[in-house]
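In: How does the following fold in three dimensions:
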Amino acid sequence: MTETLPHIKRTINVYLSVLIGVFLFLALYNLLVTSVTMDEPDHCFSGYYYWRTGDFSMEPENPPLAELWLGLGSVVLIQPELPSTSSAFYKIRDAYSLGKEFLYSNPIQGKFLLFLSRLLVLLFAIPLAIVIFLWSRKLWGPTGALISVFLFALEPNLLAYSGIASPDFISAFFILFALYWLDRFVTSPRVFTLFLTGFAVALALATKFSALLLIPVIIIVLGVWKIKHHQNILLPSEQSGVALLRYSVLLADYFLMLCSGAVIVFFVLWAVYFFECRTVAGVIDPSLSAKGTSLEIALLKRSIPLSSLLLKMFYQVKLPLASFIAGYLKVNAAAQSGGPTFLLGHIYPAGVWYYFPVIFLLKTPLTVLLLFFYSLFTILRTRELWQAHFYQLFIIILFIACYFLASLFVKLNIGYRHLLPVLPLVLILCGAIGKVITQQKLAKIICILLALLLAWSTLRSTGNYIGVFNCAAEASRSGVQLAGDSNLDWGQYMLHLKRWMTENNCEKIYGRLFCPNSYEFYDINFEEIDSMKQLREIQRKGNGVFYVAVSATYLQGTRRWDAGLRKMFIQKSPYIVIDKALYIYRFSRDTRLPERPESTLNDHNGYGDLM
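Out: From the prediction side, this is the model:
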C-alpha cells in the first residue's frame, strides 16, 4: 500500500491538472471571442485610476481590490493616458462614461488593455480549483474531489465570468478562501489560522460588498464552535456561582477572539484602501449633486438601521475607510430601490423577491442541480457525515442558506453573476456522490450519463457562456423569454455580429443595442433606430435589403424604447439570432410596416407580457 500511494497521488494530480487545463482552455477561448461587456470599461478605468491617483471615490460601489488587480496590467505594461481632467465626468465621478472614453478612445490599445484585465481575472481559476479540490477531498476523498473539480471545469457560469474584467469571479474565490480558512481555524485553532482567516475575510470584503455575509456566518460558526468545544462547562457538582464564572470566562474569550479577528480585518482592509482617511461626504456628495436627487440621499439614509443618525453624526468627520462606508451605503440603497426586472416573460418594475432562487434553477446546469440536491438530501439525513465533518458541512450549508435568504430581500435583480460566491460551495457538496459511486454500479452509470450531459451542454455553448440556460429551461422556452440583463444580454456579441456582417456583405446595420457605443470599438457601421418614422425613412431611401439588430434587453422591455417598434419586432420572425441575445431582422423595400404604430416609449409596465 505504501508503495502505490505515491503513484496514486501522482495520478490524482495529473487528473487535477488536466481538469484545470480544460477550464483554462475553454475560458480563454471564450475570453477571446467575447466582446466588451456592459460594466468592463468602468472596472478597467477605475483600477488604473486608483493606481494613478489613490482616490477611491471614483466608484465606491465596488471595493477596490479586484479593480486594482484589473488595472495592474495597465500600470506595468501599457501606462495609458487617463481621460482629460477637464472632462465633466470627473466632477460627477461617472466611472462608466470615463471608462468608455478610456477604453474606446484608442481601440488597439483598448483591446490589449481589456485582454490583460481579463487574463488577470482568469488566473484566479487556478487557486479556486485547488481550494475546491482540497475542501472536497477533506470531505469526500479523492474521488469526490475530482468530481467537484470536473463540475468546476465544465460549469458554464464560471467559464463565462472567469474571462470578464469584473469583480464577480474574483469575489467568488476570496469568499471561498475565507470560508476555507474559517474551517481550518475551528478544526485547528491557532494564532496563525486566526490571522489567515481574518486576512482572507478582509480580502473578500475588499473585493465585493456581498462578502459582508461572511460576518454573520463567522459569528454563528465561532459561537457554535465555542459551545461544542466547552459543552461540559456546567458540571452537576458545581455551584451556580462557579458555573457563572465559567460562562463569563467563555464569553469573554469568545468576544476577545472576535475582536482579534476584527482588528486583523480592519487593518488589512484599510491597507487595501491605501490607509485613506476622509469624510463620507467627500465620497458621496459629488455624484449626488450632479444627479440632483434628494431621493438618493433619502435612500442612503434609510439603507441601514440608524444610518440617518450615523450620517448626521459622521458625515463631515474624517474617517478611515470612508470610501468603503459610502460605497456600502450606495450599494444598499440601490438594492433597496431596485429596478425593472425581466423574469419568465414578465416585467417587475422594482424587482421580485424570488428572482435569485429562480435564476439559480434556470442557469445552473441540470447535472449540477441534480447532484447538489441529491447530495444535500444525503448529507442532511446521514448522522455519520455530520459526526465526522460537522464544521465543514455546517459552514458550507450555513453560508449557502444565508446567501439565498439575503437574496430574497434584494430588489436589484441583475444577474446570476451575483450568485457566483455560492457556486463553488455547491460544487464541493456535489462531491458527496463520490462516496456513492464507489459502492453502487447503477449510481456510477447515472453519474457518467450526467457528466456527458454537462459536457455536451457546455461544449455546444462554447463562445457564449453568458447567455446559457440549462437544458431543462431552454426546452421550455427561449432565453429571451426567461431572463434578461447579464443572464443573457450583456453586449457580448459584437465580435460575432461583425463576423456575420463580413460573411453576408452587410456594410451597415441599424437597430438598438444594450451595450451602447461598443460598435465603434469594433469598427461596426451602426445606426440607432428610435422610432417607426426613422425605420420608414431608412426603408424609403434604401435600394434593397437592409438589416436591423435588436438586443434581447430591448425586446424584453426593461429599457426605454418606442413601444410600437418593440411590438413589431416581437411579432416579426428574426432572420438570425446571434449568441442567443442579438436578434437580426431582414427588411426590404417590399416589407410592410404597421400602418398605425404606437409612438410612446414603454414605461416598464407590463410590456414583458407580450413575450
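
In: Which secondary structure state is assigned to Lys228?
Out: helix (DSSP: H, G, I helix; E, B strand; the rest coil).

In: Val33 is in contact with Gly463, correct?
Out: Yes - here Gly463 lies in contact with Val33, judged by C-beta atoms under 8 Å, at a distance of 4.8 Å. From N, CA and C alone the C-beta is placed, and that goes for glycine too.

In: who touches both of these two?
Out: Taking C-beta atoms under 8 Å, 6 or more residues apart in numbering as the criterion, Gly463 and Val33 both touch His496.

In: residue boundaries of the strands in the stretch 301-450 of the chain?
Out: With DSSP state E, counting those that start in this stretch, the ranges of strands along the stretch 301-450 of the chain come out as 318-320, 341-343, 346-348.

In: from the ones you listed, which stretch is densest packed?
Out: The highest mean neighbour count among these, using mean count of other C-beta atoms under 10 Å, belongs to strand 341-343: a mean of 25.

In: how far out from the middle of the chain is that strand?
Out: 17 Å (C-alpha atoms, centre = their mean, to the nearest Å).

In: just stretch 198-217 next, same as before
Out: Stretch 198-217 sits 15 Å away from the centroid of its parent chain (C-alpha atoms, centre = their mean).

In: a markdown table for the strands of the stretch 301-450 of the chain, including mean pLDDT and distance to Pro594?
Out: Shown next, in a markdown table, are the strands of the stretch 301-450 of the chain (pLDDT from 0 to 100; distance: least, C-beta to C-beta, whole Å):
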| stretch | mean pLDDT | distance to Pro594 |
| --- | --- | --- |
| strand 318-320 | 87 | 58 |
| strand 341-343 | 91 | 24 |
| strand 346-348 | 90 | 22 |
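
In: out of the ones you listed, which comes closest to Leu65?
Out: Between Leu65 and those, the tightest spacing by C-beta to C-beta is seen for strand 318-320, at 16.2 Å.

In: Which strands or helices does the closest one pack on?
Out: For strand 318-320, the elements it packs on are strand 277-279, judged by 3 or more C-beta pairs under 8 Å, 6 or more residues apart in numbering; DSSP states H and E.

In: Paired strands for the strand it packs on, with orientation please.
Out: Strand 277-279 has its sheet partners listed here by DSSP bridges as strand 318-320 (antiparallel).

In: now what about the partner strand, what contacts it?
Out: For strand 318-320, the external contacting residues (C-beta under 8 Å, 6+ apart) are Trp270, Tyr273, Phe275, Glu276, Cys277, Arg278, Thr279, Val280, Ile325.

In: List the contacts of the fifth one.
Out: Each residue near Cys277 by C-beta under 8 Å, 6+ apart is listed here: Lys318, Leu319, Pro320, Ala322.

In: ok so, going back, turn the strands of the stretch 301-450 of the chain into TSV, columns for distance to Ala401.
Out: What follows is the strands of the stretch 301-450 of the chain, written out as TSV (distance: least, C-beta to C-beta, whole Å):
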stretch	distance to Ala401
strand 318-320	33
strand 341-343	22
strand 346-348	24
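
In: Of all these, which one is nearest Ile397?
Out: Across the strands of the stretch 301-450 of the chain, Ile397 has its closest neighbour in strand 341-343 (26.4 Å, C-beta to C-beta).

In: Give me the buried positions along stretch 549-568.
Out: For stretch 549-568, the buried set under the neighbour-count rule, 16 or more other C-beta atoms under 10 Å, comprises 549-559, 561-568.

In: Give the burial count for Phe150, as a bare number.
Out: Neighbours of Phe150 under the rule other C-beta atoms under 10 Å: 24.

In: list the contacts for the closest residue to it other than its chain neighbours?
Out: Spatial nearest neighbour of Phe150, excluding adjacent residues (C-beta to C-beta, 6 or more residues apart in numbering): Leu19 at 5.8 Å. Contact partners of Leu19, counting by C-beta under 8 Å, 6+ apart, are Ala129, Leu146, Val149, Phe150, Phe152, Ala153.
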